[in-house]
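1. have a look; sequence and predicted model below, questions after that.
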Amino acid sequence: MNLYHGSYLEIAKPDLKNTQPNVDFGPGFYTTPLYVQASKWCGRFKRRGKEGIISCYEFDEREYETLKVLKFEAYSEECLDFILNCRSSKDTTDYDIVIGGVANDKVFNTVELFFDGLIDKAEAIHRLRYEKPNLQICFRTENALKHLHFERSEKV
């Protein structure tokens, strides 16, 4: 499977040193099988005057069998709970890879409304179900990253 990472620089050797806390699936190296999504990720850097660079990787899906993987097929209560735990630094799971929808601005707003106590969990799930998720694959361990093979990078 081809995977992409949008940034302002080429990342030939992904690592976990520069990961951000409090993101959808916790600290990790985020990729997507959707080139258009990676290109959108580059947009935030381009708006700051930097280049947009998509790093391209190959990942053999058979490796999922050797790794601890959590996959969300759709936004659900389980998915919302996981995102809430990750975004509040309360995640204690040991998944190598987490796969699921991207929390776009509408999803982020729903999560914030829930955090602020303005909507309950049932309303949050209801709102999330109407979102068409994009797909992100978060490599959360060095063991998972060793299966991600750099192919090339492209300026966008």
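-> Perfect, I can see it now.
2. from E112, how far off is the residue of the chain positioned farthest from its centre?
-> Largest separation from the mean C-alpha position in the chain: L118, at 25.8 Å (Cα atoms, centre = their mean). Applying Cβ to Cβ, to the nearest Å, the value for L118 to E112 is 9 Å. In this view, the C-beta of every residue, glycine as well, is placed from N, C-alpha and C.
3. picking that back up, what helix or strand is the residue farthest from the centre of the chain on?
-> L118 is part of no helix or strand, with elements assigned from DSSP states H and E.
4. kindly report the same for G6.
-> Assigned by DSSP H and E, G6 belongs to strand 2-7.
5. got a list of what the residue farthest from the centre of the chain touches?
-> Contact partners of L118, counting by Cβ atoms under 8 Å, 6 or more residues apart in numbering, are absent.
6. any low-confidence regions in this protein?
-> 103-105, 107-108, 129-133 (pLDDT under 70).
7. any idea which residue sits dead centre in it?
-> Q136 (4.1 Å).
8. quick one: the strands in this protein?
-> 2-7, 29-31, 53-59, 69-71, 97-100, 136-139, 148-155 (DSSP state E).
9. now these as CSV including distance to T19?
-> Listed next are those as CSV, based on distance: least, Cβ to Cβ, whole Å:
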stretch, distance to T19
strand 2-7, 12
strand 29-31, 7
strand 53-59, 15
strand 69-71, 17
strand 97-100, 13
strand 136-139, 9
strand 148-155, 14
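10. relative to N18, which of the ones you listed is closest?
-> Ranking the strands of the chain by proximity to N18 (Cβ to Cβ) places strand 29-31 first, at 8.9 Å.
11. contacts for that closest one?
-> Taking Cβ under 8 Å, 6+ apart as the rule, strand 29-31 contacts 3-5, 14-16, 19, 23, 38, 57, 59, 136-139, 145, 148.
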